[in-house]
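**Student:** I'd like to go over a predicted model; first the sequence, then the structure.
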Amino acid sequence: MVSVSLGAAFRPGRCAAVLAAVAVGGGVMLAATPAAVAAARAPVSIPGAAGPAASLAAVSCTSASACTAVGTSGSVPLAERWNGSTWSIQATPVPSGSDDTDLNAVSCTSASACTAVGFSYGSSRGISPLAERWNGSTWSIQKTSNPRDGKSVVLAGVSCPSASACTAVGSYDNTTGTTQATLAERWNGSTWTIQTTPNAKQFNTLATVSCTSASACTATGYTNTSTSQAALAERWNGSTWTIQTTPSGTAGAGLVGVSCPSASVCTAVGSAHRGLLGERWTGSAWSVQTTVDPSGTKLSGLDAVACTAASACTAVGFSRKGTDLPLAERWNGSNWSIQSTPRPIGAGYTTLAGVSCTSDTSCTAVGSYYNGSNTLVTLAEHWNGSTWSVKSTPNPRNTNNT
């Protein structure tokens, strides 16, 4: 497996470029109570599976009975489909000459139209961007563009406001490897083309993107030098990308997820100082939100979020207390509160990496955990408006995803 570090939420056990996407309303996050943390650690029974390490990085749902999740299994891309009752593995193509392929993000506009992005590594050609398209029956590889002066090109996030309009973001190294630049590519229904994106410092990454229309997208990530790191946000207005000013004074910040319920409301989340970070865009400025990490944790992060309205958001991620535990928090328009999240019996390290909500009472979160055989396997949980429950997900038995 190729190691490609793209986000502050990247942790051991997650395959290359498993990234975050978080969007919330503005406000104060409530502290986790001991009861909430204890409830979150209560395990439930779920079948395990032997085979290559597998994880789900992102999910997109167009209805409560139609979700697509993507990730990786061993060294090949993985896609799974929820039909309202069961998850099943979908066949995904592997680029010719690829030794390692990951799908990092997915965006669906209908049950028969999804776009997933990631990267493909080949020993003879290095790391190249990857985009795949679901047409309702099969996944197919789309031709992506490579920067002329770039290498190690990775697409980390994607957002499609319509089936013929998608924006994917990521990063690439220059040919000498001395700088890392932001990357944005645009799908117009027939081809992917590179858009010019600005850079703030020596090393820059766009980790995720959220578009409310073809002419309104917000991408976030981080920018750093050899001695410091800061949050990065950029805005697409239909013709150009521009850097937005983010609050200073938050050392080690990375905004690895963003979601915009409207063109003038965006929230980006990641981590800083080994804890949670949330920032809010109100249409004119970014501001830091007060966030509170679960009590007693050594490290925590929000890895994904979905908002059905400005006052209804669900964020997921992890908290580390001895081992990594799944974390879910709910925004009600004024406060954040921790929700109890179950984990499989015998699970070690467990994380929720992606979430999608089709209503206030229907959310699906995906991720991974180490089972009793110390194998990394896929994880899915569902929110029904009152509780989270684990849903059985299949795991490939071999590197051909069968």
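**Tutor:** That came in fine, so what should we check first?

**Student:** so where's the longest strand in this structure?
**Tutor:** Looking across the chain with DSSP state E, the single longest strand is strand 150-162.

**Student:** Pull up the pairing partners for the very next helix or strand once past that one, direction included.
**Tutor:** Remark: after strand 150-162, the chain's next helix or strand is strand 165-174, criterion DSSP states H and E. Applying DSSP bridges to the sheet, strand 165-174 is found paired with strand 150-162 (antiparallel), strand 180-187 (antiparallel).

**Student:** Please identify the one among these that comes closest to Thr208.
**Tutor:** strand 150-162 (3.6 Å; CB to CB). All C-beta atoms are positioned from the backbone trio N, CA, C, and that covers glycine.

**Student:** mean confidence for the closest one?
**Tutor:** Averaging pLDDT along strand 150-162 gives 95.

**Student:** same thing with stretch 335-343?
**Tutor:** Rounded mean pLDDT across stretch 335-343 is 90.

**Student:** List the buried residues of it.
**Tutor:** For stretch 335-343, the neighbour count (16 or more other CB atoms under 10 Å) marks 336, 338-343 as buried.

**Student:** Looking at the residues you listed, which are in strands?
**Tutor:** 336, 338-339, 343.

**Student:** Kindly indicate which of these lies nearest Asp100.
**Tutor:** Among these, and counting by CB to CB, the member closest to Asp100 is Arg343, at 28.0 Å.

**Student:** So for the nearest residue to that closest one once chain neighbours are set aside, what's the pLDDT?
**Tutor:** For Arg343, ignoring the flanking residues on the chain, the nearest one in space by CB to CB, 6 or more residues apart in numbering is Thr350 at 4.7 Å. pLDDT for Thr350: 96.

**Student:** Please apply the same query to Ala42.
**Tutor:** In this prediction Ala42 is given a pLDDT of 38.

**Student:** what's the answer for Asn174, then?
**Tutor:** 89.

**Student:** number of nearby residues for the closest residue to it other than its chain neighbours?
**Tutor:** Nearest non-adjacent residue to Asn174, counting by CB to CB, 6+ apart: Asp149, 5.7 Å away. Asp149 has 12 neighbours, counted by other CB atoms under 10 Å.

**Student:** on that earlier part again, let me know the closest of the ones in strands among the buried residues of stretch 335-343 to Ser123.
**Tutor:** Arg343 (37.1 Å).

**Student:** how close does the residue nearest to Arg320 when sequence neighbours are not counted sit to Trp87?
**Tutor:** Leaving aside its sequence neighbours, Arg320 sits nearest to Leu299 (CB to CB, 6+ apart; 4.2 Å). The gap separating Leu299 from Trp87 is 29 Å, by CB to CB, to the nearest Å.

**Student:** repeat for Gly170
**Tutor:** The value you get for Gly170 to Trp87, if CB to CB is used, is 27 Å.

**Student:** between these two, which one's more packed in?
**Tutor:** Gly170 (32 against 19).

**Student:** Assess the claim that the more buried one and Thr205 are in contact.
**Tutor:** Yes - assessed by CB atoms under 8 Å, Gly170 is found in contact with Thr205 at 7.5 Å.

**Student:** returning to what we had before: burial of the residue nearest to Arg343, as a residue count?
**Tutor:** 24.

**Student:** Can we start the residue count at 15 from this point?
**Tutor:** New numbering, starting at 15: the last item is Thr364.

**Student:** so what's it up against?
**Tutor:** 332, 337-340, 357-358, 381-384, 393 (CB atoms under 8 Å, 6 or more residues apart in numbering).

**Student:** And Cys371, by the same measure?
**Tutor:** Per CB under 8 Å, 6+ apart, neighbours of Cys371: 75, 320-322, 326, 328, 377-378, 397.

**Student:** picking that back up, I'd say the residue nearest to Asn188 and Gly191 touch.
**Tutor:** No - between Asp163 and Gly191 there is no contact under CB under 8 Å: 11.6 Å.

**Student:** Buried residues in the longest strand of the chain, which are they?
**Tutor:** Buried-residue list, strand 164-176, by 16+ other CB under 10 Å: 164-175.

**Student:** possible to save those as JSON lines with distance to Gly88?
**Tutor:** Output for the buried residues of strand 164-176, formatted as JSON lines (distance: CB to CB, whole Å):
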{"residue": "Gly164", "distance to Gly88": "27"}
{"residue": "Lys165", "distance to Gly88": "24"}
{"residue": "Ser166", "distance to Gly88": "21"}
{"residue": "Val167", "distance to Gly88": "22"}
{"residue": "Val168", "distance to Gly88": "19"}
{"residue": "Leu169", "distance to Gly88": "20"}
{"residue": "Ala170", "distance to Gly88": "20"}
{"residue": "Gly171", "distance to Gly88": "23"}
{"residue": "Val172", "distance to Gly88": "23"}
{"residue": "Ser173", "distance to Gly88": "28"}
{"residue": "Cys174", "distance to Gly88": "28"}
{"residue": "Pro175", "distance to Gly88": "33"}
